[in-house]
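Novice: The sequence and its predicted three-dimensional model are supplied below.
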Amino acid sequence: MFFDPLLMMMTLPAVALAFYAQWLVKSNFEKMSQVGARMTGAQAARRILDSQGLQSVPIEMVHGHLSDHYDPSSKVVRLSEGVYGTNSMAAVGIAAHEVGHAIQDANRYAPLVIRNMAVPIANIGGSIGSVLLMVGLGIGIAGSAAVLGKGVFLLGLILFGATVAFQLVNLPVEFDASSRAKTLLIESGIISGPELPYVSKVLNAAALTYVAATLQTLLTLVYYVIQFTAANRSQD
């Protein structure tokens, strides 16, 4: 009922990019996990945090593959098992990236502050917004039930738009964290300049996943805007 080949065609490039990015992350992580580093991911994270005056920020190990993240609510850097105790270029790169978020938080980096504030709205927009958009189309945004259909559809569009805005704000947050990671790894003596490309392979691939996700959501929003515009024109 809600399947539209136009939506599939519009989002297909982003979906293809997402699959490629996921493959690239897995491939580069496996390759760079074979390239040794001077210390483990946890040790690298601790050295960078201490050098930035963040001795109070703890580092914890969590289960899962590439489940690494910084928790701004608890002020904790959490590293996956494959990163926490492994001394590889992949491990120190990912650990430094998550530490980059901790530094952003400590410095009140504006895009991160906005992103953290937008998380609840984005979660609602991603789930409820999509449902309302489909319900609005199901009711009909043209014809006898147009008023109700348009109301539901516009509400869904606003909520879904909040998710797109969140992802757009998230891009500079992730790019900045990776940029900080590369600089701090060298400044802290964890890697040398010639070793930077090893770390970059992993971080750049991870960044591509965020680009793909943002592009897919943005194209989906454009599709719904086109649907709404077309329905309005049909009534003229």
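Specialist: Everything's here; your move. No experiment lies behind these values; they were computed from the predicted model shown. Numbering: from 1, shown residues only.
Novice: Show me where the protein has its helices.
Specialist: 5-32, 41-51, 81-84, 89-106, 110-124, 130-139, 146-187, 196-235 (DSSP state H).
Novice: what sits up against the worst-scoring helix or strand of the chain on mean pLDDT?
Specialist: Taking mean pLDDT, DSSP states H and E as the measure, the chain has helix 130-139 as its least confident helix or strand, at a mean of 81. The contact list for helix 130-139, computed with C-beta atoms under 8 Å, 6 or more residues apart in numbering, reads 1-2, 145, 148-157, 159-160, 224, 227. Yep, even glycine has a C-beta here, placed from its N, CA and C like the rest.
Novice: Name the residue closest to the centre of the protein, please.
Specialist: Taking C-alpha atoms, centre = their mean, the centroid of the chain lies closest to Y210, which sits 4.4 Å from it.
Novice: can you pull the contacts of that one?
Specialist: When the contact criterion is C-beta under 8 Å, 6+ apart, the partners of Y210 are Q167, N170, L171, E174.
Novice: How about V76?
Specialist: Going by C-beta under 8 Å, 6+ apart, V76 touches V57, P58, I59, E60, Y70.
Novice: could the contacts of Y210 be laid out in TSV, adding distance to A91?
Specialist: What follows is these, written out as TSV (distance: C-beta to C-beta, whole Å):
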residue	distance to A91
Q167	27
N170	24
L171	24
E174	18
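Novice: before we move on, back to that, quick check on the contacts of helix 130-139: which are buried?
Specialist: G149, K150, V152, F153, L155, G156, L157, L159, F160, Y224, Q227 (16 or more other C-beta atoms under 10 Å).
Novice: in this protein, which ranges drop under the pLDDT threshold?
Specialist: Low-confidence segments of the chain (pLDDT under 70): 1-3, 140-145, 232-236.
Novice: ok, 80 please
Specialist: Low-confidence segments of the chain, defined by pLDDT under 80, span residues 1-4, 125-127, 136-147, 230-236.
Novice: how close does M117 sit to F19?
Specialist: 31 Å (C-beta to C-beta, to the nearest Å).
Novice: What of Q104?
Specialist: Per C-beta to C-beta, Q104 is found 29 Å from F19.
Novice: So between those two, which is more surrounded?
Specialist: Under the neighbour definition other C-beta atoms under 10 Å, Q104 and F19 were set side by side, and Q104 has more, 21 against 11.
Novice: neighbours around the closest residue to the more buried one other than its chain neighbours, how many?
Specialist: The shortest distance from Q104 to any residue other than its chain neighbours is 4.5 Å, reached at L112 (C-beta to C-beta, 6 or more residues apart in numbering). Per other C-beta under 10 Å, the neighbour tally for L112 reads 23.
Novice: looking at it, L112 is touching I103, isn't it?
Specialist: No. Applying C-beta atoms under 8 Å as the test, L112 and I103 come out as separate, 9.8 Å apart.
Novice: contacting residues for Q167?
Specialist: With contact set as C-beta under 8 Å, 6+ apart, Q167 has these partners: A122, Y210, A213, T214, T217, L218.
Novice: hmm, 6 Å instead?
Specialist: Residues in contact with Q167, defined by C-beta atoms under 6 Å, 6 or more residues apart in numbering, are T214, T217.
Novice: roughly how far apart are it and H63?
Specialist: Distance of Q167 to H63, given as C-beta to C-beta: 27 Å.
Novice: Is there a neighbour count for V147? I'd like the number.
Specialist: Summarising burial for V147: neighbours were counted as other C-beta under 10 Å, giving 10.
Novice: show me what contacts it?
Specialist: By C-beta under 6 Å, 6+ apart, V147 has no neighbours at all.
Novice: ok, now R38?
Specialist: With contact taken as C-beta under 6 Å, 6+ apart, R38 is in contact with no other residue.
Novice: Over to L66?
Specialist: Going by C-beta under 6 Å, 6+ apart, the list of residues near L66 reads S80.
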